[in-house]
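Asks: Could you work out the structure for the sequence below:
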Amino acid sequence: MTHLTQLRLHPRSREAAADLRNTSHMHQRIMSMYPDALTSGDAARRSLGVLYRIERTPQATTVLVQSTLAADPTVLPDHYATAQQRNLAPLLEWLADGRTVRYRIDASPTRSLRDGTRDAGGRLNRGKPAPLHGKDAIAWWERKAHTAGLDLHDILDIPQEPATGHRATGPIRHTLTRFEGTATITDHQALHTALTNGIGRGLAYGAGLLSIAPHHE
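Replies: The predicted structure is shown next:
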C-alpha cells in the first residue's frame, strides 16, 4: 500500500520555518510521523518507502510525503500544518503501457567526477558527485525517465531552492531541478518501481519523488 500525505505548512509556525531552513531537520520531522520501532537505523526511510517534495507557491508551502505506511500527522507540533491523506493504490493499479500521464519530479541530477584512484580490486573509484545544470540536467532526466518506463513528450525544467542543512557528518547540499511535462508509459512495471523507490540522489532530503496523474487532452 502506498500513501500520500499533504502537509500545508502554517506560515506562522516557527518549527516549520526552521525545518525549511535545514533539510536534515525536515527529514527528521517527516520520519517522526512513523513509529519509533520502524524508524531506527540507517535504512529506516528506505524500509518505509518515505519520499517527499516541497512545493512553494505565493499562497502556501506544501510538503508532499509518500510512504508505504500511512504517516501520523497528529504527532506534529501544534499549528505546524494542515494535513490531508489519500491512498495511491487506485493510481498505481491504473498504470498500463500506452497511457499518457502528466509528471513532476524535483531531482538532483549529478555525474561522478573520477579522480583516477582505484579500489582494492583495481576498479576506478566513482569520485565525488557534481551537480548538473541546463542541457546536461535535461539529458540526465531523459535517461532516468527512459529507465523508469516513460517516453517524454515535453520537458519543462525549473531550478528550485537547493536542499541544504547540517548533520553530524557535515554539511548537506543537493542542487534541485523540477522537471514536469507529459509522457507515455512504455513500461508500467518499471514506472511502478520508480514511483515507489524514487529516482536519483538526495532521496532523504526532498529529491526523487516522481508524481504522475492521468493526462486528458
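
Asks: Any regions of the chain where pLDDT drops low?
Replies: Low-confidence segments of the chain, defined by pLDDT under 70, span residues 37-42, 114-119, 121-127.

Asks: at 90 what do you get?
Replies: Within the chain, the stretches with pLDDT under 90 are 1, 36-45, 112-129, 166-170, 216-217.

Asks: For my notes, confirm Ile199 occurs in a helix.
Replies: No - under DSSP: H, G, I helix; E, B strand; the rest coil, Ile199 falls outside any helix and is assigned coil.

Asks: Using the three-state scheme, assign Pro90.
Replies: Going by three-state DSSP: Pro90 is helix.

Asks: List the contacts of the helix or strand hosting Leu7.
Replies: Here Leu7 sits within strand 3-9, counting by DSSP states H and E. The contact list for strand 3-9, computed with C-beta atoms under 8 Å, 6 or more residues apart in numbering, reads 16, 20, 33, 60-71, 73, 76, 80-88. Placement of C-beta: from N, CA and C, glycine included.

Asks: Narrow these to those in helices?
Replies: Residues of the contacts of strand 3-9 located in helices (DSSP state H): Ala16, Leu20.

Asks: Only whichever of the contacts of strand 3-9 are buried, select them in ChimeraX.
Replies: Restricted to buried positions by 16 or more other C-beta atoms under 10 Å, the ChimeraX selection for the contacts of strand 3-9 reads:
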select :16,20,33,61,62,63,64,65,66,67,69,70,71,73,76,80,81,83,88
